[in-house]
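> A structural model of the following input is requested.
(4 chains)
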2 protein chains.
Amino acid sequence: MDARERLITSTQALLWERGYVGTSPKAIQQRAGVGQGSMYHHFSGKSELALAAIHRCADQIRAYTEQRLSAPGTAFARIEAFLLQERQVLQGCQLGRLTADPEIVANPDLHRPVDATFVWLRQRLAEVLDEGVANGEFAVGLDVNDIAATIAGVVQGGYVLAKAAGSDEPYYSAIRGILALLAPPTRQ
Amino acid sequence: MDARERLITSTQALLWERGYVGTSPKAIQQRAGVGQGSMYHHFSGKSELALAAIHRCADQIRAYTEQRLSAPGTAFARIEAFLLQERQVLQGCQLGRLTADPEIVANPDLHRPVDATFVWLRQRLAEVLDEGVANGEFAVGLDVNDIAATIAGVVQGGYVLAKAAGSDEPYYSAIRGILALLAPPTRQ
DNA sequence: GTCTATAATACGATAGAC
DNA sequence: GTCTATCGTATTATAGAC
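Reported below is the predicted structural model:
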């Protein structure tokens, strides 16, 4: 892996652990095993590095999520697969974490890909829920956009509860709760 | 208000906006209108200041939440009041925000009150849900601890979605979703 | 209690040699 | 492409006068 690639990977990891404000160029270099001169040759500075790392995270999250949501099976099963997919719960969400960062929110270039990813996620969840309504899996009166936001919210909030507790148990508890509320009548 | 009090209030606001890593003693002093010498007279440093501010936030959140959850009315109505209470959605949760901060998570003194507050919240929500199950408002099979985690999670996750979108709409959408799923059969 | 001075370290970047 | 040197500023205090 070349220096540029190692710098992106290293920035991804540090943004995840410490956020934008908490991540220094020096830490990025050390983790990547790359010198200062090399870093400033490949990237103009911290914000350009962060932009590359955020796009990388967004691409990975979309690909991984799309696999679950477009798999064969009922709408409920696909949403369940999304909610129960392997996650590093105590690390939280790579992109969700950045919404707490004032310098990310204030910088449109950095903010935009975060926004776009959550818009996309809610949209895809709503489409799957729509199929479920058409199937008869879910009640017809359901507002699929609201339920999609609820599902995306439970995941993000589950991370917060888990980090607060220092345990992944509250995350899985929250997921079991939303699955119980969503479960089609035939499963109850 | 004396200097000590202004320093706590100022730290609360900055932790909320910028987190622990992003908040400097100098910024706290300036916002409080208090000099350096005064600050270090009242507090040993940044972490002691943060501890006082976190306890203050936790007390306020508990008091405000308890008002909604112990009000007269059905279990559903009280949970609805909790979810729809006035919030500064785009600012997020004062305590939830801190779970993203590596130095808070790493410092047991700072982490503990955050943990305790979310444990308390889930416990109180579960108690209210229990009353609702006893009432016949909610189905008997419901695991109230799981649903409590789901409800607390939707609030925290709703903040994340709202900050990502730069709008409070996704928050309210997620809340409408969980309320629709929770609504007693007589309301559907 | 509050002030100003001082200090060691870290931050985020630039310059120029190789 | 990568290295080392340098720079101006910010951080997080400590010291001692008032």
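
> Can you tell me which residues in chain A are near DNA strand C?
Residues of chain A lying close to DNA strand C by Cβ under 7 Å from any atom of the strand are A:Thr23, A:Ser24, A:Pro25, A:Lys26, A:Ala27, A:Gln36, A:Gly37, A:Tyr40, A:Ser44, A:Gly45, A:Lys46, A:Ser47. Heads up, the C-betas are built off the backbone N, CA and C, glycines and all.

> Without its sequence neighbours, what residue ends up closest to A:Tyr64?
Computed as Cβ to Cβ, 6 or more residues apart in numbering or on different chains, the closest residue to A:Tyr64 that is not its neighbour in sequence is A:Gln85, at 7.3 Å.

> Next, see if the helix or strand where A:Thr11 lies gets close to chain B.
Assigned by DSSP states H and E, A:Thr11 falls within helix A:3-18. Yes: with Cβ under 8 Å from any Cβ of the partner chain as the criterion, chain B is reached by helix A:3-18 at A:Glu17, A:Arg18.

> which residues touch that helix?
With contacts defined as Cβ atoms under 8 Å, 6 or more residues apart in numbering or on different chains, helix A:3-18 is touched by A:1, A:22-23, A:27-29, A:31-34, A:38-39, A:42-43, A:49-50, A:52-54, A:56-57, A:91-92, A:94, A:97-98, B:21, B:102.

> Pull out the buried residues from those.
Buried members of the contacts of helix A:3-18, scored by 16 or more other Cβ atoms under 10 Å in any protein chain shown, are A:22-23, A:27-29, A:31-32, A:34, A:38-39, A:42-43, A:49-50, A:52-54, A:56-57, A:92, A:94, A:97-98, B:21.

> got any ranges where chain A has weak pLDDT?
Flagging of chain A using pLDDT under 70 yields the residue ranges A:184-188.

> Would you tell me which one of the residues of chain A next to DNA strand C comes nearest to B:Val155?
Set against B:Val155, the nearest of the residues of chain A next to DNA strand C by Cβ to Cβ is A:Thr23 (27.8 Å).

> still on that earlier bit, out of the buried ones among the contacts of helix A:3-18, name the ones that lie in helices.
In helices, defined here by DSSP state H, the members of the buried ones among the contacts of helix A:3-18 are A:27-29, A:31-32, A:38-39, A:42, A:49-50, A:52-54, A:56-57.

> now for these, which pair is the farthest apart?
A:Ser38 and A:Cys57 (22.4 Å).

> all strands in chain A, in order from the N-terminus.
Taking DSSP state E, chain A contains no strands at all.

> Of all the helix elements in it, which one is longest?
Assignment by DSSP H gives helix A:108-135 as the longest helix of chain A.

> and that helix, what does it pack onto?
Judged by 3 or more Cβ pairs under 8 Å, 6 or more residues apart in numbering or on different chains; DSSP states H and E, helix A:108-135 is in contact with helix A:46-69, helix A:75-84, helix A:102-106, helix A:144-165, helix B:144-165.
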